[in-house]
Every structure is written in structure tokens, then in C-alpha cells.
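> Mind folding the following:
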Amino acid sequence: MSKSYKERLSDISTLIFDIDGVFTDGMVHVMPDGQLLRKMSVKDSYALQYAIKKGMIIAIITGGNSMAVHDSLQRLGVKHIFLQSRNKEQVFDTFVQKQGITSKEVLYMGDDIPDYKVMEKAGVAVCPADASEEIKQVSDYVSNRNGGAGCVRDIIEQTLRVQGKWFDEDALEW
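Below is the predicted model:
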């Protein structure tokens, strides 16, 4: 009998996320100068920096090219940010190899078809409630929260709770 996704969370050392549709609701506002504005949940941001503080490796693999998103994630402590990832599977494979980990140690959260192949490889594949049907079908867990509305916090909290790292003195400070 195979382990449930919840049991497999204890083996996770690395969390990899897409951006648009995961950290954001997938909507962008185009400004007159062509800049794209996205909004992200503060709860997701808090959980992300907390996971880093607790020793998790965090990576972002996105097809987007927003330096504002890049800089915001970097300020939270994310060191592995892959923008303009046209072939997410290739980026994933290279990253896992360079980190010296196995795909079973990786949780990947995506929301749409470009995430599909990576999700098939990840030890735990998860998605927001509003992900595409194809992604829901390949996911081990579908959050009850939509992209941009706390789905990242949901899975980080679950992972750290399973590992006994969720709420301690480190939680009280950003």
C-alpha cells in the first residue's frame, strides 16, 4: 500500500512553486507603461519565509519574467528563482540534480498544463482549488484555497506541521 500524500510530506525537503495562478490569482493588470501588476497573499509570503527559516529549500519555476516578483521573492529569502522557464521539466531536472536530491523529496505546486510533467515527477504534487482539470487529476492534493488566496500557506503549513516545525519561537518573527 502506498503512502498518502500527508505521510509523504515527512520526506519533503524542497518546495517548488509556479507563480501565476499559485501565488497570484492569475489576473494581471496592464499599466499604461506596459508593466504588469500582480497581487500576492501576505499569508503566503509569511509561510514562505518561515519555511526557509525552518530549513526548507524553496524554488520558483515560472514562465513569467517579472523582476518585481523576482525581487519580492528574493527579499523573502528565496534563492532559486527560474524566470522565463519555457520547459519546466528541464529546469526541474537540472535543479534536482544540482541540489543532489531526489524528486521524491520535492513538493511541487502548479496550476496549469505547463506544470503537468513536473507534477508527474514530484514526490508530492499539489494544486490550488482553481487549477485546471488536467492538473487536478495529476495532483496528490487539491487545496481548498484558490491561487493567490492562501493555497501556498495551506501546503507549507501542512508540510511543516507533519514535520513538527510549524509553530514555535521562530514563528513569532518575520
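> packing partners for the helix or strand of the chain with the lowest mean pLDDT?
Every helix and strand in the chain was compared by mean pLDDT, DSSP states H and E; the lowest is strand 36-37, with a mean of 72. Here strand 36-37 touches strand 29-30, going by 3 or more CB pairs under 8 Å, 6 or more residues apart in numbering; DSSP states H and E. Using the backbone N, CA and C atoms, a C-beta is placed for each residue, glycine as well.
> Partner strands of the least confident helix or strand of the chain, with direction?
strand 29-30 (antiparallel) (DSSP bridges).
> who's in contact with the strand it pairs with?
36-37 (CB atoms under 8 Å, 6 or more residues apart in numbering).
> distance between that strand and the chain's centre?
Chain-centre distance of strand 29-30: 23 Å, with CA atoms, centre = their mean, to the nearest Å.
> can you check stretch 96-106 too?
15 Å.
> end-to-end on that stretch?
With CA to CA, to the nearest Å as the measure, the first residue of stretch 96-106 is 8 Å from its last.
> burial of the closest residue to Ser143 other than its chain neighbours, as a residue count?
Once flanking residues are discounted, Ser143 sits nearest to Cys151: 4.1 Å by CB to CB, 6 or more residues apart in numbering. As a burial measure, Cys151 scores 28 neighbours (other CB atoms under 10 Å).
> before we move on, what about Ala171?
Ala171: 14 neighbours (other CB under 10 Å).
> Would you confirm that it contacts Tyr50?
Yes - taking contacts as CB atoms under 8 Å, Ala171 lies within contact range of Tyr50: 6.4 Å.
> returning to that earlier point: give me phi/psi at the residue nearest to Ser143?
phi -70, psi -30 (degrees, to the nearest 10).
> Glu157 versus that one, what's the distance?
11 Å (CB to CB, to the nearest Å).
> now Lys43
From Lys43 to Glu157 the distance is 9 Å (CB to CB).
> same thing with Met56?
With CB to CB as the criterion, Met56 and Glu157 are 12 Å apart.
> Show the average pLDDT along the one helix or strand Gln97 maps to.
Gln97 belongs to helix 88-99 when assigned by DSSP states H and E. Mean pLDDT, helix 88-99: 98.
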